[in-house]
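Chemist: I would like the atomic coordinates for the input below:
(chains A and B)
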Amino acid sequence: MELVVEGNNDEMVIRVSGEILASNCHELRDAVQGLAARGRMLAVNLAGVTFIDTSGIGVLIMLRTHFKARGGDLRVADPQPQVLRVFKTMGIAPIFGLRT
Amino acid sequence: MSAAPETNLAAHLRQKGAKRPFRILLVEDNFTLVDLLQILLERNGLEVHAADSVASGVATFKSFKPDAIVLDVVLPDGSGLDLLREVRKLQHADSFLPAIVLTDRIDLNLRIESVIAGAHDFLSKPFNPVELLSRLRISLETKLLHDQLLAANAKLERERDELARVQRNLLPDVLPPVAGTHMAGALMTCSKAGGDYYDVVQRPDGKLFITVMDVAGHGLPSAMHMAMARAIFRGEASVAKDTVSTFNKLTYVLGQTFQPGEFLTCLLLILDPVALTIELLNGGHCPPMFIDRETGDVEEIMVEPAMPIGVAPYNPGRAHAIQLRHNARVVLYTDGLVEQIGAGGRPFGEDGLRDVLKSTTRIDAQKFVERLALALRAHQGTSPLRDDVTFLVVDTPPAKR
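Modeler: A predicted model of the protein is given here:
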């Protein structure tokens, strides 16, 4: 998994690429939790993600809760169709700001 | 002879948790040295048996079952290292048996050869008995730690087996047919305990309340949440007026327990086995798959899903009415099935399930479950199971002619 942070503290973007799996999702968790101290709004850009499993979804849900608890929000942007399908199947596309 | 050390070795090891005196096999053909060492070791509370050759050393090893060996390299009938190699073959694979080699040669090659033969430590003659005792102490402490670790692991393993057994009993045993509807289920866990669950409860109104659930993650925490979810489901299934009230109860109770990032996906399904109608609520779970066994047509039963339980405190679930046909087969499954990776990193996929469904329309529910499990194992090959896998199959009766 590769992570690149862009944007300023008002509009942070983290670009993720590769696969988000049980075995590596802690990398995303640690990186994003670090960002929560910097700003309140984060977009997680999944354009480079080819696969996400339930543990990866679990981490995104946890991180969203983390941002929400601080009065902010975490949104998901540009998922590939097969990744968007996971969000839709799980009924969680709307809470991450994804159109269904 | 030098004075015995003040601290007694056996007492020291007892303090570290040793439950019995340690047994030392001493293989040495110099009788004066044997006498000296035997007195020294026994004074330190160790049990000592002595042997004076390779042959008698092997024999004594078998009968005495020592915890450590102190051996000479040069023996009348061969090398102490041959004895050591023989003993390494005889000892139990999991056991730790320290061996200290005594020699009057200061020879690097011999040292290396000794270590390769299985020696842990090395003393050149003449040696100070206090040094031997100190080295023996370190070896026996390591042995003690090794044995304690094995015992602790065995205890954990027994507890995990117990947990797995209890969890197996939380699943329905056989699913008897109801009004011509046949069902069968299977659950494969990737560790001993898991977070998947399936169940069927026959209600007083004759309908069947069917569920498949998947707690995110696997292992012990998931197993506890699975047991909670089952208790709620079992309490609700026969009295709940619909799937929505059961979903709300699960959301309410589990919502108090789950930490951020912990969640459960579920399918809640009430089947009227006579009218062949189902009321389906999908809580963020993969959609059931359906095959018409007459035509071989396969479809996913797609309904607007609620979120998984635990994602948000407000999570309204909606029930959807679906009319089934006669001679249909519905498969409810967890994503562990379709996400399982096989050779070349390819997942089993919905296509894998579809293929099995299409090629098995003529076999009954129980046989279908076995065939699907075989297909998954064939796909999996040598890769380990990545997640718990559950599937539950429901066959509606053929139309009456």
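Chemist: most residues in a single helix of the chain, which one?
Modeler: Using chain A here. Once chain A is assigned using DSSP state H, the helix that runs over the most residues is helix A:54-69.
Chemist: other chain: chain B
Modeler: Longest helix in chain B, counting by DSSP H: helix B:129-168.
Chemist: Give me the buried positions along that one.
Modeler: Within helix B:129-168, the residues that qualify as buried are B:129, B:132-133, B:135-137, B:139-141, B:143-144, B:147, B:160, B:163-164, B:167, counting by 16 or more other C-beta atoms under 10 Å in any protein chain shown. (C-beta placed from N, C-alpha, C; glycine too.)
Chemist: and those near chain A, which?
Modeler: Contacts with chain A within the buried residues of helix B:129-168, counted by C-beta under 8 Å from any C-beta of the partner chain: none were found.
Chemist: Taking these, tell me the two that lie furthest apart.
Modeler: B:Pro129 and B:Gln167 (56.0 Å; C-beta to C-beta).
Chemist: Sort out which one of the buried residues of helix B:129-168 lies nearest B:Gly118 for me.
Modeler: B:Ser139 (12.8 Å).
Chemist: Please look at that closest one and B:Ala119 and confirm they touch.
Modeler: No. Between B:Ser139 and B:Ala119 no contact is recorded; they are 10.6 Å apart, counting by C-beta atoms under 8 Å.
Chemist: Which residues are in contact with each of the two?
Modeler: B:Ile100 (C-beta atoms under 8 Å, 6 or more residues apart in numbering or on different chains).
Chemist: so where is the chain shaky, pLDDT-wise?
Modeler: In the absence of a named chain, chain A is used. Counting by pLDDT under 70, chain A contains low-confidence residues at A:100.
Chemist: Correction: the question concerned chain B.
Modeler: B:1-7, B:218, B:401.
Chemist: What residues does it have near chain A?
Modeler: B:214, B:216-217, B:260-263, B:265, B:282-287, B:304-308, B:311-312, B:335, B:339, B:386-387.
Chemist: first vs last residue of stretch B:281-289, how far apart are they?
Modeler: By C-alpha to C-alpha, to the nearest Å, the extent of stretch B:281-289 from end to end equals 14 Å.
Chemist: Apart from its chain neighbours, what residue comes closest to residue 55?
Modeler: The chain I'm using is chain A. A:Ala22 (3.7 Å; C-beta to C-beta, 6 or more residues apart in numbering or on different chains).
Chemist: Actually, chain B is the one I wanted.
Modeler: Nearest non-adjacent residue to B:Ala55 (C-beta to C-beta, 6+ apart): B:Asp77, at 5.8 Å.
Chemist: Kindly tell me how buried that neighbour is, as a neighbour count.
Modeler: Neighbours of B:Asp77 under the rule other C-beta atoms under 10 Å in any protein chain shown: 13.
Chemist: so is B:Ile270 in a helix, a strand, or just coil?
Modeler: strand (DSSP: H, G, I helix; E, B strand; the rest coil).
Chemist: Hmm, it is touching B:Phe247, no?
Modeler: No. In this structure, B:Ile270 is not within contact of B:Phe247 by C-beta under 8 Å, at 11.6 Å.
Chemist: which ones are touching the closest residue to B:Ile270 other than its chain neighbours?
Modeler: Distance criterion C-beta to C-beta, 6+ apart; nearest residue to B:Ile270, sequence neighbours excluded, is B:Glu279 at 4.5 Å. Shown here is B:Glu279, whose contacts under the criterion C-beta under 8 Å, 6+ apart are B:Asp242, B:Thr243, B:Leu269, B:Ile270, B:Ala319, B:His320, B:Ala321, B:Ile322.
Chemist: Mark which of the residues you listed are buried, thanks.
Modeler: B:Thr243, B:Leu269, B:Ile270, B:Ala319, B:Ile322.
Chemist: Go ahead and confirm the fourth one touches B:Thr243.
Modeler: Yes. Using C-beta under 8 Å, B:Ala319 makes contact with B:Thr243 at a distance of 4.8 Å.
Chemist: which residues sit in contact with residue 25?
Modeler: Picking chain A for this. A:Ser55, A:Gly56, A:Gly58, A:Val59.
Chemist: actually it's chain B I care about, not the one you picked
Modeler: B:Leu25 sits in contact with B:48-51, B:57, B:60-61, B:64, B:66, B:68-71, where contact means C-beta under 8 Å, 6+ apart.
Chemist: hang on, the earlier thing: what is in contact with B:Ala319 and B:Thr243 at once?
Modeler: Taking C-beta under 8 Å, 6+ apart as the criterion, B:Ala319 and B:Thr243 both touch B:Glu279, B:Leu280, B:Leu281.
Chemist: Just the closest residue of chain A to chain B, please.
Modeler: When scored by C-beta to the nearest C-beta, chain A has A:Met62 as its residue closest to chain B, at 3.0 Å.
Chemist: Quick check: closest non-adjacent residue to that residue.
Modeler: B:Gly261 (3.0 Å).
Chemist: Where does whichever residue of the stretch 201-350 of chain B sits closest to chain A sit: helix, strand or coil?
Modeler: Evaluated by C-beta to the nearest C-beta, the stretch 201-350 of chain B has B:Gly261 as its residue closest to chain A, separated by 3.0 Å. Here B:Gly261 is recorded as coil under three-state DSSP.
Chemist: Just want the most central residue of the chain.
Modeler: Answering for chain A, as no chain was given. Using C-alpha atoms, centre = their mean, the residue of chain A that lies closest to the mean C-alpha position is A:Val44, 4.1 Å off.
Chemist: try again with chain B
Modeler: Centre-nearest of chain B using C-alpha atoms, centre = their mean is B:Lys192, 3.9 Å out.
Chemist: Let me see the contact set for the residue nearest to A:Ser55.
Modeler: Contact partners of A:Ala22, counting by C-beta under 8 Å, 6+ apart, are A:Asp53, A:Ser55, A:Gly56, B:Gly217, B:Arg386.
Chemist: Next, count neighbours for the last one.
Modeler: Pointing back at B:Arg386 there. For B:Arg386, using other C-beta under 10 Å, the count is 18.
Chemist: That one touches B:Gln340, doesn't it?
Modeler: Yes. Contact criterion C-beta under 8 Å: B:Arg386 and B:Gln340 qualify, at 6.1 Å.
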